[in-house]
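>>> Provided below are the primary sequence and the corresponding predicted coordinates.
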Amino acid sequence: MSRPDLSFLLNAAAGLPGEADMPAPGVDTAPSEAVESLPSGRSLTALIEELRASKAELEAQNRVLHYSQASAESASERFEALFSSVPLALMVVDEHDMVVQANSMAHRSFQPLEHDRPLTALLPFVAAEHVERVQAAFAAASERGTAEATEVVFRIDDARRITGDLHIAHIEAQGDAEQPPLPQFLCAVIDQGPLLAERQALKLSAAELQERNAQLHASERRLEAVINSALDAIICVDQHQRITVFNPTAAMLFQCPASDALGSLITRFFPSAAQMLAFAQLTTQAVLGEMTALTASGRELAVEVSVSFERHAEGETTTVFARDLTARKREEARRAELEAQLRESHKMQAMGTMAGGIAHDFNNILHAILGNVELARADSRPGTSAYESLLEIDKAGRRARDLVRQILTFSRNEAPRRTHVALAEVARDTQRLLRVTLPPQIALSIHEEPRLPPALADATQVEQALLNLCTNAIHAIGARRGSIQVELTGAQPSQRLRERLGLSGEQYVSVSVRDDGPGMDAATLSRIFEPFFTTKPVGQGTGLGLAVVHGVMRTHEGAIDVHSTPGQGTCFTLYFPAAPEAASTTSASAPVAAPQPPALPPAAGPAAPTAPEPDKPQRRRHVLYVDDDEALVFLVQRLLRRRGYEVTGFTDPRQATEALRAAPGRYDLLVTDYNMPGFSGLDLVRAAHAIRADLPIALASGYVTADIEQQALAEGARALIHKPNDVQELCATVDRLVHGA
């Protein structure tokens, strides 16, 4: 309320009479005189009324002032109460950083303990790194009226601190009327510790969420890498049976790029997909086993299938795992083939053992037969029917002897004497041998590769194998016109062929014998190498030809491969190991002479005993013959006694040893069999040399091998006698050894 203008009262007071001029009490002054004495012609009544009005106005203004003062005091009290009780640290700071006033919250925050630094200034509590920013906030508040500094660190002591936002408001404190207002700052510190902790927690949660997202993405990438690198074909199908995932293995297996397969129906590759997906109603996963699938070009595949079903809000997802069974089936077929070969090998080994045992016993029988035939021929006159019968018996016995030798060749698993052999020369020699018996309607031709390398082989056994194969081809062609082709080439068999035939080397010389005969079916092919198996009529085949060829290739560390189709002929291919190039010093087209092992002295031709000198008394030479076969002992005794020898025979080598020990000088020669039960011929040779070191000894065997020959030489034997042999050969060997030739 504005103050009333009372200046006229001063002017009126100036014209009023003084106290001295006032009439004395009791003096009646006429009003008219008083009225007449007022200046300006104003009446006293009007003046009094005006004074009364001013008084009333002054009283009203006074009441207003009292109300305003009471309101101000009430507001100040409310401000003080709010200032002191607000849950914020509030301070009034002057322009010199002195804390003029602080509420209890500020004292509790900045001076929690009595011995703490007093809250007399604000900046000493501010951390050094934030002082400059706080000072800038005070300057900004002086200019703009308000300012703030966020996340300011206030240090209470070395261990305690407050992190808060500082809000500053510029105010002016009214001083004395004669002094200008003082600038001050109302400061509020809002503790952000809980908020920062929550914010940090939110940051951590965001970081964890980001890390989890990163892990999820990494997991997805790993899953994608696993799917893409899986050895199985992986195909994912949605609820509409359309392909959503098609990994690279599936693309290779089904010969279809992923871009072309995605979106296609699963029936494109699995015709029986309906049956496969029907398991989704029963289980979450199923192993379906072997199924037939189709490539993009329609070719059938054998695959092993398992499926996994997943149900979710959007529908169903089916994952198909398909594994190619082509390699497994090929491996199973190869394993079955190897098992068949192993069974065949075991069977051949058993048959060979049996055949060897039979041939050994049969050899002694033949020896007795041929020896007795020779004796009977000596007692018969040529031209008689008995003599002719003996010739036929001798002819049949010799054929039986050759057959037994083939059986022994098949049954023995001994390494041949292999040298550098030019197989082309062996093939031409075989052609010359066959030319006499080759029917005129059959043509035999030989084709050899230029610069054919030599083979590491036994020429005699190679020739025997070629003779057997060509003879079989001749019998297969029969009376009709045909041809036999022998082809010799250098060969490097493939890995698959080496595995199938059991070849261990890299370089071979192949000999193929091809005919255009009737061929063989699968059943016959499976048995052609069995001993005594033959397709020839009774009496025309022994069934040992191919068995011998098989044995020859086995001992040469080679192999024999056969291809035959009914009506299209047969082809036998022999793989002989090629001779090392470093060891070959001659031309490949010429036979290579190889050093021969030390041989026993050759048996001389039939010779009569040397006539004794006239001045020396004649003494019959004494031969000690030992064999477990009684028939052979009887035969040799008869043979040698006819030659003028004295012969003592034993079927027990131990009895022979005792007889020799009893009279060492009585005997001029010891002839012993090699194979005898319980006491071998070599044992007898050792025992005889222990008794008498200079006694000549001959070792007889039905199958003389390199090992037997070397052992006999090592033990001191003078000669080897092959059983069954000619009588003249046996007698010539005895004559040579007895007379020291």
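Received it, and whenever you're ready, just let me know what you need.
>>> CA atoms for contacts and neighbours, from now on please.
Fine.
>>> nearest residue to the middle of the chain?
By Cα atoms, centre = their mean, the chain has its centre lying nearest to Leu231, at 11.2 Å.
>>> pull the contacting residues for that residue.
Taking Cα atoms under 8 Å, 6 or more residues apart in numbering as the contact definition, Leu231 lies against Thr249, Arg323.
>>> how close does it sit to Phe321?
Leu231 sits 10 Å away from Phe321, going by Cα to Cα, to the nearest Å.
>>> now swap in Glu211 and tell me
As judged by Cα to Cα, Glu211 and Phe321 stand 32 Å apart.
>>> so for those two, which sits in the more crowded spot?
More crowded of Glu211 and Phe321, by other Cα atoms under 10 Å: Phe321, with 20 against 12.
>>> ok, what's across the strand from the more buried one?
Applying DSSP bridges to Phe321 gives these bridge partners: Ile234, Ser306.
>>> show me what contacts it?
Applying Cα under 8 Å, 6+ apart to Phe321 gives the contacts Asp232, Ala233, Ile234, Ile235, Val305, Ser306, Val307.
>>> what about the residue lying closest to Val303 once chain neighbours are set aside, how many neighbours?
In space, and not counting its chain neighbours, Val303 is closest to Asp324: 4.7 Å by Cα to Cα, 6 or more residues apart in numbering. Counted with other Cα under 10 Å, residues neighbouring Asp324 total 21.
>>> Asp324 contacts Thr295, doesn't it?
No. Judged on Cα atoms under 8 Å, Asp324 makes no contact with Thr295 at a distance of 11.7 Å.
>>> any shared contact partners between the two?
Contacts common to Asp324 and Thr295, judged by Cα under 8 Å, 6+ apart, are Leu253, Leu301.
>>> tell me how many other residues surround Leu216.
12.
>>> which element is it on?
Element membership of Leu216, judged by DSSP states H and E, is helix 193-229.
>>> check which residues of that helix are buried.
The neighbour-count check on helix 193-229 (16 or more other Cα atoms under 10 Å) flags Ile227, Asn228 as buried.
>>> again, but for stretch 460-472
Across stretch 460-472, burial judged by 16+ other Cα under 10 Å covers Gln461, Val462, Glu463, Gln464, Ala465, Leu466, Leu467, Asn468, Leu469, Cys470, Asn472.
>>> got it, and stretch 131-142?
Buried positions in stretch 131-142, judged by neighbour count with 16+ other Cα under 10 Å: Val131, Val134, Ala137, Phe138, Ala140, Ala141, Ser142.
>>> sitting in strands, which of those residues do you find?
If you go by DSSP state E, these have nothing in strands.
>>> got JSON lines for those, with pLDDT too?
Shown next, in JSON lines, are the buried residues of stretch 131-142 (pLDDT from 0 to 100):
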{"residue": "Val131", "pLDDT": "91"}
{"residue": "Val134", "pLDDT": "93"}
{"residue": "Ala137", "pLDDT": "93"}
{"residue": "Phe138", "pLDDT": "92"}
{"residue": "Ala140", "pLDDT": "93"}
{"residue": "Ala141", "pLDDT": "92"}
{"residue": "Ser142", "pLDDT": "91"}
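>>> of those residues, which is the nearest to Val511?
Nearest to Val511 among these is Val131, at 104.2 Å by Cα to Cα.
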